[in-house]
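Trainee: Got a predicted structure plus its sequence, pasted below:
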Amino acid sequence: MVPSRLLSVGPRPLLGSVGHWTQVRLLSASCADCAKHQEPPGKKLLSEKKLKKHFVDHRRVLVRGGRGGDGASCFHSEPRKEFGGPDGGDGGNGGHVVLRADQQVKSLSSVLSRYQGSHGEAGGRKNCSGRSGTLLYVLVPVGTLVKEGNKVVADLSCPGDEYVAALGGAGGKGNRFFLANDNRAPVTCTPGQPGQERVLFLELKMVAHAGMVGFPNAGKSSLLRAISNARPTVASYPFTTLKPHVGIVHCEDHQQIAVADIPGIIRGAHQNRGLGSTFLRHIERCRFLLFIVDLSEPEPWTQVEDLKFELEKYEAGLSERPHVVVANKIDLPQARAALPQLRARLGPSTVIALSAATGENLEELLLRLQELHSRHVAAEFRW
Ligand SMILES: Nc1nc2c(ncn2[C@@H]2O[C@H](COP(=O)(O)OP(=O)(O)OP(=O)(O)O)[C@@H](O)[C@H]2O)c(=O)[nH]1
Ligand SMILES: [Mg+2]
């Protein structure tokens, strides 16, 4: 086995007619061929239950701010100064719990089910205030929606976005605070307030313009590798991809199109079969869709019908989203024979026949992607 980077002699313009697609220039015709041999020998197929555990896209979290420290009640005491006055300090404030969007975090699997902010310290003698609790940062993936009940309270869609999930309680007041002209020796002090407590639902929305929808083994990951710098694993067994990958396609006019490789959908996905409805949710959050069809399979048009059926069952109108049908594996002889019939059934302008493995006709897909993206941008601008 020869690594793909050894076979490609520097960046070569495989697609001469579209030199402006920077990612395409890096394409190595051998990449998908070699990657297909990356399948670990003897790797067992995972059970459906195990497959779902790999990627967590929603979480229920109980967040509780830190409790404020209690105020102190004491009096200054010094030799020869009998009535030194009240000197009990205030308690420190409890620490907040803050959600922060971090690019390094890819799923909600690292988020725990409960978080407790740090408590403030109690006030001390000699007017010493207690130390406030430190902020507790919970790192979540970029593109996390925060819901309370059914209401969306925050959308952490940019790296570094923060949301204060639970406020820490205020610190109590020491008896020094209650010193007044008519009360020169107050003994009153107040306890710290408890922190805010909330139950939040975190939901990962995928931030991608185009979503690749297809049956397992259709070649979605191979295609994403061919058009972007993303490197999802490619192998000849189904359900190679267990979590979505996003690749960025750079266009001539500095536009960047995010394309998501979404794990394979199977018949009955809307009833939670296979990887189930988990990933149908991600498809819902893509602006336009690429239906990836394995053209070497018999009657490839049934794949499109089945995929549309699953999407429609999940959410009415989802299959009507702007889309193109990508007929992959055109390099295989039996695939070429099925193409005219597929075109006749779905309409010639809807079908783009290409090969992710050899790079044949990738330029048509890239141009269509740009067209779909421009239309989406124009629609948003009008909005
Ligand atoms: N001949 C040929 N084989 C391809 C082509 N594209 C992908 N393949 C092969 O098809 C198999 C599946 O490819 P993947 O890219 O892993 O398919 P996938 O749709 O991502 O599959 P899942 O992740 O399981 O949903 C691999 O063995 C690839 O090498 C192509 O254009 N031509
Ligand atoms: Mg894949």
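Mentor: Looks like it came in fine. Note that the structure is a prediction, hence the values are computed from the model and not measured. Numbering: from 1, shown residues only. Ligands and ions are numbered 1, 2, ... in the order given.
Trainee: Name the residues of the stretch 251-383 of the chain found near ligand 1, please.
Mentor: Those residues of the stretch 251-383 of the chain that sit near ligand 1, judged by CB under 6 Å from any ligand atom, are 263-264, 328-329, 331-332, 355-357. The way it works is simple: take the backbone N, C-alpha and C, and place the C-beta from them, glycine included.
Trainee: Just the element for the nearest residue to Gly214 once chain neighbours are set aside, please.
Mentor: Leaving aside its chain neighbours, Gly214 sits nearest to Ile292 (3.3 Å; criterion: CB to CB, 6 or more residues apart in numbering). Here Ile292 sits within strand 286-294, counting by DSSP states H and E.
Trainee: And that strand, what does it pack against?
Mentor: Contacting strand 286-294 under the criterion 3 or more CB pairs under 8 Å, 6 or more residues apart in numbering; DSSP states H and E are the following elements: strand 208-214, helix 301-314, strand 323-328, helix 362-382.
Trainee: buried stuff in the shortest one?
Mentor: This means strand 323-328. By neighbour count, and taking 16 or more other CB atoms under 10 Å as the criterion, the buried residues in strand 323-328 are 323-328.
Trainee: Check stretch 311-331 too.
Mentor: Of the residues in stretch 311-331, those buried by neighbour count under the rule 16+ other CB under 10 Å are 311, 313-314, 318-319, 321, 323-331.
Trainee: Out of the residues you listed, the closest to ligand 1 would be?
Mentor: Lys329 (3.8 Å; CB to the nearest ligand atom).
Trainee: How about the contacts made by that closest one?
Mentor: The contact partners of Lys329, by CB atoms under 8 Å, 6 or more residues apart in numbering, come to 219, 294-296, 335, 355-357.
Trainee: how does it look with 10 Å?
Mentor: 217-219, 222, 292-297, 300, 335-336, 353-358 (CB atoms under 10 Å, 6 or more residues apart in numbering).
Trainee: Equivalent analysis for Gly66, please.
Mentor: Contacts for Gly66 were tallied using CB under 10 Å, 6+ apart; they are 92-97, 116-120, 132-136, 166-169, 192, 194-196.
Trainee: What is the neighbour count of the residue lying closest to Glu364 once chain neighbours are set aside?
Mentor: Counting by CB to CB, 6+ apart, Ile352 is the residue found nearest to Glu364 once chain neighbours are left out, at 5.1 Å. Residue crowding around Ile352 was assessed by other CB atoms under 10 Å; the count is 21.
Trainee: How about the contacts made by Ile352?
Mentor: Residues in contact with Ile352 (CB under 10 Å, 6+ apart) are 290, 324-328, 330, 361-369.
Trainee: Now flag whichever of those residues is closest to His209.
Mentor: Taking CB to CB as the measure, His209 sits nearest to Leu369 out of those, at 8.2 Å.
Trainee: and that closest one, how many neighbours?
Mentor: Look at Leu369: counted by other CB under 10 Å, it has 23 neighbours.
Trainee: my read: it touches Met212, true?
Mentor: No: with the criterion set as CB atoms under 10 Å, Leu369 and Met212 do not qualify as a contacting pair; they are 11.1 Å apart.
Trainee: Find residues that contact each of those two.
Mentor: With contacts defined as CB under 10 Å, 6+ apart, the residues shared by Leu369 and Met212 are 259, 290.
Trainee: as a whole number, average confidence for stretch 324-333?
Mentor: The predicted model gives stretch 324-333 an average pLDDT of 93.
Trainee: what do you get for stretch 156-170?
Mentor: The average of the pLDDT scores along stretch 156-170 is 93.
Trainee: just to revisit the earlier point, which one of the buried residues of strand 323-328 is nearest to His376?
Mentor: When these are compared against His376 (criterion: CB to CB), the nearest one is His323, at 12.1 Å.
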